[in-house]
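Student: Sequence first, predicted model second:
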Amino acid sequence: MFKNVDGGYVKADANTTGYTKPGYSKPHGEAFSITLNFAEVGIFAGSTVSVFDIWQQKVVATTNATNYTQFVPWQGTAFLRLSTVPTPAPAPASPATLA
């Protein structure tokens, strides 16, 4: 619904287009890649990082790289949860190797 000059509402139909300011052009842009450097958020080299995409509800990457890049549509967002993956402890030495 649109407001009329007197403050009332104009019923929307096939002839109602609304008002567009002269010279207005609809905003537009291009999608681009966003790179997150793990060190900037306190995750340093040597860590294995799990990247969980909250919108997709799944792990999108598990990496030990120093950054992660995601393609984001124009005016879009990336909503990610980062977790360090614990490295497994080394296996204890067997008694045969201790002797």
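Tutor: That came through, no problem.

Student: How about the contacts made by the residue lying closest to residue 29 once chain neighbours are set aside?
Tutor: Spatial nearest neighbour of residue 29, chain neighbours left out: residue 74 (3.9 Å); criterion: C-beta to C-beta, 6 or more residues apart in numbering. In short, each C-beta sits where N, CA and C put it, glycine included. By C-beta atoms under 8 Å, 6 or more residues apart in numbering, the contact list for residue 74 reads 28-32.

Student: go with 10 Å
Tutor: 27-32 (C-beta atoms under 10 Å, 6 or more residues apart in numbering).

Student: and if you look at residue 33?
Tutor: Applying C-beta under 10 Å, 6+ apart to residue 33 gives the contacts 69-72.

Student: Mind telling me what element it is part of?
Tutor: strand 32-37 (DSSP states H and E).

Student: buried sites along that strand?
Tutor: Within strand 32-37, the residues scored as buried using 16 or more other C-beta atoms under 10 Å are residue 36.
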